[in-house]
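J.: Next come a sequence and a model predicted from it.
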Amino acid sequence: MRPVFPKDKLVYGPFQIEARIQQNTEISQQILTVNRMGSRVIRGHLVVVPIENSILYVSPLYLRAASGQLPELKRVIAAHGDRVVMEDSLGEALAAFFKETA
């Protein structure tokens, strides 16, 4: 099944979403704070999920302790439409977008 996007509505592509994530001051500030504390934040790949006539973008956020252990999944960044959120889990990120329709 091929998604069909409305011509009268802007649908952001992956590069635009990456830019919106980087420009989000709340997310950037949280990442900067963790990096200053000695841990390393690692962003996972941006996953593109078509949903009806829109796209959901999801990117995991891993944290590697200063001691060099394996990175742990700590947060999830998600974008849908004009909104970008960072939550503790994928479920919480989805709830931020779709709780009105659930």
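T.: That came in fine, so what should we check first?

J.: quick check, residue 61 in a strand?
T.: Yes. Secondary structure of residue 61 (DSSP: H, G, I helix; E, B strand; the rest coil): part of a strand.

J.: Contacts only, for it.
T.: Listed by C-beta atoms under 8 Å, 6 or more residues apart in numbering, the contact set of residue 61 reads 31, 41, 42, 43, 44, 73, 74, 75, 76, 77, 86. To be clear about C-beta, it is placed using only N, CA and C from the backbone, and glycine gets the same treatment.

J.: who's in contact with the residue lying closest to the first one once chain neighbours are set aside?
T.: The one in question is residue 31. The spatially closest residue to residue 31, leaving aside those adjacent along the chain, is residue 41, at 4.9 Å (C-beta to C-beta, 6 or more residues apart in numbering). When contacts are counted by C-beta under 8 Å, 6+ apart, residue 41 touches 31, 34, 35, 61, 62, 63.

J.: Is residue 41 located within a strand, as I assumed?
T.: Yes. Assessed by three-state DSSP, residue 41 belongs to a strand.

J.: picking that back up, list only buried entries from the contacts of residue 61.
T.: By neighbour count, with 16 or more other C-beta atoms under 10 Å, the contacts of residue 61 hold 31, 41, 74, 75, 76, 77, 86 as buried.

J.: Just name the closest of the residues you listed to residue 13, please.
T.: Nearest to residue 13 among the buried ones among the contacts of residue 61, counting by C-beta to C-beta, is residue 77 at 16.3 Å.

J.: any idea which element the closest one lies in?
T.: Per DSSP states H and E, residue 77 falls inside strand 72-80.

J.: Name every strand pairing with that strand and say which way it goes.
T.: strand 54-64 (antiparallel), strand 83-87 (antiparallel) (DSSP bridges).

J.: Quick check: beta-bridge partners of the residue nearest the centre of the chain?
T.: Nearest to the centroid of the C-alpha atoms of the chain, with distances taken as C-alpha atoms, centre = their mean, sits residue 77, at 2.2 Å. As for beta bridges, residue 77 partners with residue 59, residue 86 under DSSP bridges.

J.: and the gap between it and residue 71?
T.: Taking C-beta to C-beta, to the nearest Å as the measure, residue 77 falls 15 Å from residue 71.
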